[in-house]
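**Student:** okay, sequence plus prediction incoming.
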Amino acid sequence: MRRRKSNAPASHPVPVAVPAAATTSAPGRPRKSWRPLAVLGLLVVAGWGAWSVWGPDPLGEVRAALDRREFRTADDLLTKRLTERPDDASARLLAARTARRGGNAVRAADHLRKYRESHGEDAEYKLEAALLRAQRGDPAEADRLFAEHVERPESPDTALVMEAYLEAKLKARAGAEMPDATTLAALRRAADLWRRLRPGREDQVQGRLWLAMIHERAKDHPAGVAALRDVLELDPDHFDARFLLALSLAQADPDESRRHLEILRDQYPGNDYVRFGLATTYRVLGRRADARHLLSGLVDGPTRVSALVELASLDMDEGKAADAEPRLRAALAVAPNSGDVNLAMSRCQQLTGHPAEAAKYRKRFEEIEAARQKQ
Amino acid sequence: MIAPVPVPRRFVRLLAVGGLVVATLILGCSKAPPEVSKPVVPDAGAPAVPPDTGPAWFRDVTEASGLRATCRNGEEADQFTILESLGAGVAVFDYDGDGRMDVFVVGGGYFDGPTKTDLKGHPGKLYRNLGGLKFEDVTEKAGLATPWWYAHGVAVADYDRDGFPDFAVTGFGKIELFHNEPDGNGGRKLVAVGEKLGLKDSSWSTSAGWGDIDGDGFPDLYVCRYCDWSFANNPVCKGAAAAVARDVCPPQKFKPLIHALFKNDKGTAFRGVAAEQGFKPDGCGLGVVLADLNADGRPDLHVGNDATNNFLFWNRGGKLEEKGLTSGTAVDDTGRYNGSMGVDVGDYDGSGRPSLWVTNFQSELPALYHALGNELFDHRSRAVGVGAIGMNRVGFGTAFVDADGDGWEDLVVVNGHVLRHPSGSEPKQLPVLLHNTAATGGRFFKDVSGRGGSYFRTAAVARGLAVGDLDNDGHPDLVVTHTNGPVAVLRNESVGSWLGVKLVGQGHRDLVGSTVTLEGESRTLTRFIKGGGSYLSASDPRLLFGLGTVGKVKRLTVKWSWGGTQSWDDLEPGAYWELTEGQPAAKKLPSAP
């Protein structure tokens, strides 16, 4: 028997069954005739068992990658494996799991479908399907899985369930109202359990990151910031943690926020979101030239509209409202229903002496805001 | 004092303009493709300022001053009312006419009775300035040892033009007007005359400011009102953090009240004219300042409202026209209202125009509404570097004040949360001292709180702030109130050339709305005669000009709010001068330290 199909990471104890050798004899047959065969059989079985345990594991690299939370690498390896062995049930299920854990629900569902078509809805399938439903935004499923596993730390599935629960509850609710006390307690428990069950460095980092997010949801800002600092202590190159920390500090200490964003800018010089965040922080700090320089390089990227608005705002801050107008016209052409663009255009029209136009854009801004608040 | 938002919304919202949400950002960009980093050009916006070191600008002299007052809010009753969040203010004024600035501290209030629902007031305290920064408690002697109500604010003016300053005190369920009159023994006393003169208000009033709105020469009284809280309308609100079962409710739980304007009938009677003015119940008022904001000579009003749009009333010959939104002063640069508290007016950029400064709630920047002229303002907080102080404070008392005497008005903000368990902040907060410095393309406010002395390194729940030259040394001192903590007296330790001015209108006409310009060798300074300002507080009515960057004083010109101008030449620095309307000679006031 090989390792069980579940995607329990290597750091987690995995039960390995060694096949027992046949030792009983069948009566009524000459001893000499069956003995060599028995020895041979014993050797075959023992060899097979040893190979199973100590031989090369085709999914070992995948599991190692998953232990490092390198879902893309794991996915690449699994794709290769499934291309060679499309009927490998373990690989198929692991691929579904990897895709889900990496945030690609569509790919996860596709792998699961293929698994079901060839292997039916066995227990492994059912668990993975439930985890996917939970992570796709089914709170009742998440709660059910949590309740079933939270008192079973010995189960090899518990860590995975806690992970899915945290992902489902935290990321699906990003920006939502503060969870109730029961949910917060469950989230804390899930994060604690995860950290206990998954001692690997990357998983510990992830656990601390979740903890930071839980603190933020609980509006316990200092604890959230402390947890993010903990993450960075373990992994100074952790993008998410540093970016979240920069966001968290933007209000209380914009200068420290700037320092984190500058580190990220140096590490990821091509990341438009980091550069945009840094530019807005420079503007908050009154460093207009630095902000302008960064924003000028962003007007063709994914943050184009925001960059145009910020550049126009800088123009207006510097008393050059006429320069702002073409930028805002360009932004409006891309995002006519953006509240920020309409508001900035209202300011621009006011500053350039067109109060009626200003009022029109202001009204549009208010309509957009009202619609946003209704949602 | 709106509820806090944990993530800076502008930052996030601007990101979202491009079709993104924070979660996507956080999860989606960990593996960004590499790109060659471009060099960041040297900044042309932020100024080159010297390190934040050097002698302290202020010294805490509270202990030696003998001024021992505490404003209380009664929170020990654990009623968690929004009433407790406002605090109490302070006034700096010369009540006895001896040339030294005295101090009146509003007492606040508490909850009494078996159910702790009877509102009572702590007495206000009057301190006479004995000179040398020593004060004597003259509350009883001045006739103020009377029953008090739950009081908040104080506004000072000579409402009857008898030459002595009177004051109004606001609060919950009552306004009182105290008339300054002889005590029969050569001293002065304060006599409650509100009821007699019709200055009555059973509502909930906060900051107030005097100014001659209708141009009849007598100052009228604008009174901010807050919201419709009472014990009959006292919901239980959960805390900002999950672990906090109850905290003070935000103002959004209540309805705003109509503000009041009391017309002063030649010092003999007052009449509420809010209905005539068409005031509406759409602002939870906390701060008001009166000054000539459009250079037409008449005092206009800016009102800081909590969790509702701020007001800007243009004075159209006595009729007030609310134009907050079109003037650009109702909301911030994200287009949304703030939780506004303290307000002030100043010419921060040497343009001669009055810009507005407003302190705001957590997660919001204090607002600098830069005056553009033509009755327009532009929100410029980011442009002038104010964002560097962060947004985790709740700002209350504030003032433009030239703390270092360089002729540029700096900013002081005192802070303190309204919640007992705020999220992302603390109840006790540090004050802020912002130095007005030169920068490419304009002015820049540099956080120099480290130069403020020990007071600026101590977190507190501060509320009121009044500015005044308590020792007549030509450098503005500060008096700060704290909720359930002692009032602080901060002596300005700066040195340098200065000129002080005490204006006197004919027949002690009210001066609010007048504008004063001082022409120096190298530049011109403009100051505005203001009513109200700061938060629940009233400051020294005299004007101080720091002459550090001005050179020789050539001329000082007063544009009286009722029309006409008058100039005085070659005033000698280092003294206070009394400039009386119609009198060509300035009178040098005797030094009274």
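**Tutor:** Structure's in. What do you need? Numbering: from 1, shown residues only, chains lettered A, B, ... in the order given.
**Student:** burial measure for the closest residue in space to A:Gln267 that isn't next to it in sequence, as a count.
**Tutor:** Of all residues not flanking A:Gln267 in the chain, A:Asp237 sits nearest, at 6.9 Å (Cβ to Cβ, 6 or more residues apart in numbering or on different chains). Heads up, the C-betas are built off the backbone N, CA and C, glycines and all. When counting by other Cβ atoms under 10 Å in any protein chain shown, one arrives at 10 neighbours for A:Asp237.
**Student:** ends of stretch A:284-302, how far apart?
**Tutor:** End-to-end distance of stretch A:284-302 (Cα to Cα, to the nearest Å): 22 Å.
**Student:** actually stretch B:518-525, not the one I wrote
**Tutor:** 5 Å.
**Student:** need the contact partners of it.
**Tutor:** B:347, B:350, B:352, B:407, B:499, B:517, B:526-527, B:545, B:547, B:549-557 (Cβ atoms under 8 Å, 6 or more residues apart in numbering or on different chains).
**Student:** pLDDT weak spots in the stretch 101-250 of chain B?
**Tutor:** By pLDDT under 70, the stretch 101-250 of chain B contains no weakly predicted segment.
**Student:** ok so, going back, look up how far A:Arg195 lies from the residue nearest to A:Gln267.
**Tutor:** Per Cβ to Cβ, to the nearest Å, A:Asp237 is found 20 Å from A:Arg195.
**Student:** again, but for A:Asp75
**Tutor:** 25 Å.
**Student:** neighbour count for the two, which is higher?
**Tutor:** A:Asp75 (22 against 18).
**Student:** now B:His370: closest residue in space that isn't a chain neighbour?
**Tutor:** Nearest to B:His370 is B:Arg380, by Cβ to Cβ, 6+ apart, at 4.1 Å.
**Student:** repeat that for B:Leu325.
**Tutor:** B:Asn309 (6.7 Å).
**Student:** now B:Ala459
**Tutor:** Spatially, and ignoring its direct neighbours in sequence, B:Ala459 is nearest to B:Lys428 (3.7 Å; Cβ to Cβ, 6+ apart).
**Student:** my guess is that neighbour meets B:Thr483, correct?
**Tutor:** No. Counting by Cβ atoms under 8 Å, B:Lys428 does not reach B:Thr483; the two are 9.9 Å apart.
**Student:** any residues in contact with both of those two?
**Tutor:** B:416, B:461.
**Student:** of these two, who's got more company?
**Tutor:** More neighbours surround B:Thr483 than the other of B:Lys428 and B:Thr483, with 26 against 16 (other Cβ under 10 Å).
**Student:** any idea how far that one lies from B:His122?
**Tutor:** Taking Cβ to Cβ, one finds B:Thr483 at 12 Å from B:His122.
**Student:** which neighbours do those two share?
**Tutor:** B:71-72, B:108.
**Student:** same list, the residues you listed, but as CSV with secondary structure please.
**Tutor:** Below are the shared contacts of B:Thr483 and B:His122 laid out as CSV (DSSP: H, G, I helix; E, B strand; the rest coil):
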residue, secondary structure
B:Cys71, strand
B:Arg72, strand
B:Gly108, strand
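**Student:** just the buried residues of the residues you listed.
**Tutor:** B:71-72, B:108 (16 or more other Cβ atoms under 10 Å in any protein chain shown).
**Student:** possible to save those residues as JSON lines with distance to B:Cys249?
**Tutor:** JSON lines is the format used below for those (distance: Cβ to Cβ, whole Å):
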{"residue": "B:Cys71", "distance to B:Cys249": "21"}
{"residue": "B:Arg72", "distance to B:Cys249": "20"}
{"residue": "B:Gly108", "distance to B:Cys249": "19"}
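**Student:** quick one: which of the residues you listed is nearest B:Val273?
**Tutor:** B:Gly108 (29.3 Å; Cβ to Cβ).
**Student:** buried sites along stretch A:245-259?
**Tutor:** Neighbour-count burial for stretch A:245-259 [16+ other Cβ under 10 Å]: A:245-254, A:256-258.
**Student:** which outside residues touch stretch A:119-135?
**Tutor:** With Cβ under 8 Å, 6+ apart, stretch A:119-135 has contacts from A:5-6, A:89, A:92-93, A:96-97, A:100, A:105, A:108-109, A:112, A:115-116, A:141-142, A:144-145, A:157, A:160-161, A:164-165, A:167-168, A:172.
**Student:** narrow these to those that are buried.
**Tutor:** A:5-6, A:92-93, A:96-97, A:100, A:108-109, A:112, A:115-116, A:141-142, A:144-145, A:157, A:160-161, A:164-165, A:167-168, A:172.
**Student:** among the residues you listed, which are in helices?
**Tutor:** A:92-93, A:96-97, A:100, A:108-109, A:112, A:115-116, A:141-142, A:144-145, A:160-161, A:164-165 (DSSP state H).
**Student:** not counting sequence-adjacent ones, nearest residue to whatever residue of the stretch 251-400 of chain B ends up closest to chain A?
**Tutor:** Nearest to chain A in the stretch 251-400 of chain B, going by Cβ to the nearest Cβ, is B:Gly385, at a distance of 3.0 Å. Closest residue to B:Gly385 apart from its sequence neighbours, by Cβ to Cβ, 6+ apart: A:Gly286 at 3.0 Å.
**Student:** A strand includes the one you found, no?
**Tutor:** No. Assessed with three-state DSSP, A:Gly286 is coil; it does not lie in a strand.
**Student:** now tell me which helix or strand of chain B has the poorest mean pLDDT.
**Tutor:** helix B:22-28 (a mean of 36; mean pLDDT, DSSP states H and E).
**Student:** please disregard the earlier target; I meant chain A.
**Tutor:** Result, chain A / mean pLDDT, DSSP H and E: helix A:31-54, a mean of 70.
**Student:** where does the prediction get shaky in the chain?
**Tutor:** Since no chain was named, I'll use chain A. Looking at chain A by pLDDT under 70, you get A:1-34, A:48-56, A:172-177.
**Student:** looking at chain B here, not the other one
**Tutor:** Those would be B:1-52, if you go by pLDDT under 70 across chain B.
**Student:** now the helices for it?
**Tutor:** Going by DSSP H, chain B shows helices at B:9-17, B:22-28, B:62-65, B:194-197, B:274-277, B:324-327.
**Student:** what does the stretch 1-150 of chain A put close to chain B?
**Tutor:** Within the stretch 1-150 of chain A, the residues that sit near chain B (Cβ under 8 Å from any Cβ of the partner chain) are A:72, A:103.
**Student:** quick check, the residue in the stretch 1-150 of chain A closest to chain B?
**Tutor:** A:Gly103 (6.2 Å).
**Student:** could you count how many residues lie near that residue?
**Tutor:** Neighbour number of A:Gly103 under other Cβ under 10 Å is 14.
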